[in-house]
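>>> Generate coordinates for the sequence data below:
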Amino acid sequence: MNNTNTFIDLIIKFGGSAITDKNTFETIKKEELLIAANCIRSCREAGLSCIVVHGAGSFGHHQAKRYQVNDGFVTATTKDELDFKRQGFCLTRQSVTKLNQLVVNCLIDVGVPAVACSPGSSWEVDKKLPVRWPDEIIAGLVEKGFVPVLHGDCCVDKTLGCCILSGDTIIKSLCNAFTTRRVVFLADVAGIYNRPPDQPGAQLLKSILVNSDGLIQESVCTSQSCNDVTGGIQLKLKTAIDIVVQSKGRCPVFVTSIKSPDMNEVCLGKDSINHWNATSITMHS
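Okay, the predicted model is just below:
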């Protein structure tokens, strides 16, 4: 599955914590979502082809955790337990697709031709990894001038029965299928720190250099939110490293705050990365 003839200028992730209040059930951050939507509008006005992927935040994570959806059906041994899992699957999907509609509506309201593309009904997954998905549909939308909007979602899993397919895993699949020029993660913090940013002595890592074997020189200590069931910053950093390595350094990855004054420049690729309040993940030369 590879559409390397399809060029994507920008794949951008609206982090779940960036556009929702992750600790309050199904609560959106309207100002932050509008900022992100206007950024996509600016990128399109500059002639960039874009794909948006967003996290779930407080839409879906609470249900997924309560019903242990990410563990699949293998832990269910009775009919009642299976029914419980199925109910959780449905409630989680109901919640994340609700957020997807809010994101798409906001993009359309600012003039972006956004199209919802929910993975749960079209992606085949095995052991939490995509094995088949409609890349030609996504490519066709981009080539016709649309902005596909995907999201972390519940999917049927061939081995586990069901699982959560994270937005970060989706981004890696997109980058593997398409020739992608840049990936940007919009977060609720300025970038990746050497330790959790709320801890004393935390410093923003403005540059993380990746060797061809995927090793990094910087020391990064991460923590994970209790309401995040898909891996948090660890998965985000691993995703960024994998994208840089699989593209042989041709696709840099950036992490910046959704409220950073440099956000538009990071997404547009303007100015020098040395001046941005962001983290760049690039191949070591």
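
>>> in the stretch 1-150 of the chain, which spans are helices?
16-19, 30-45, 61-67, 79-109, 135-143 (DSSP state H, counting those that start in this stretch).

>>> likewise the stretch 151-285 of the chain?
With DSSP H, counting those that start in this stretch as the criterion, the stretch 151-285 of the chain has helices spanning 167-177, 232-246, 263-268.

>>> Which of these sits closest to Gly120?
helix 167-177 (11.2 Å; C-beta to C-beta). Using the backbone N, CA and C atoms, a C-beta is placed for each residue, glycine as well.

>>> Give me the buried positions along stretch 43-51.
Cys43, Arg44, Leu48, Ser49, Cys50, Ile51 (16 or more other C-beta atoms under 10 Å).

>>> Kindly report the same for stretch 7-18.
Using 16+ other C-beta under 10 Å as the test for burial, stretch 7-18 gives Ile8, Asp9, Leu10, Ile11, Ile12, Lys13, Phe14, Gly15, Gly16, Ser17, Ala18.

>>> need the contact list for the second one.
Residues near Asp9 by C-beta atoms under 8 Å, 6 or more residues apart in numbering: Cys43, Leu48, Ser49, Cys50, Arg181, Arg182.

>>> Phi, psi for the closest residue to it other than its chain neighbours please.
Leaving aside its sequence neighbours, Asp9 sits nearest to Leu48 (C-beta to C-beta, 6 or more residues apart in numbering; 3.9 Å). With angles defined as degrees, to the nearest 10, Leu48 sits at phi -90, psi 140.

>>> Verify the stated contact: Leu48 with Leu268.
Yes: with contact defined as C-beta atoms under 8 Å, Leu48 counts as touching Leu268 (7.3 Å).

>>> one step back: ok, so of the contacts of Asp9, who is nearest Cys117?
Nearest member of those to Cys117, counting by C-beta to C-beta, is Cys50, at 13.0 Å.

>>> Spit out the contact partners of that closest one.
Cys50 neighbours (C-beta under 8 Å, 6+ apart): Ile8, Asp9, Leu10, Ile11, Ile12, Ile40, Cys43, Arg44, Val142, Val147.

>>> same thing but 7 Å
Contacts for Cys50 were tallied using C-beta atoms under 7 Å, 6 or more residues apart in numbering; they are Asp9, Leu10, Ile12, Ile40, Cys43, Arg44, Val147.
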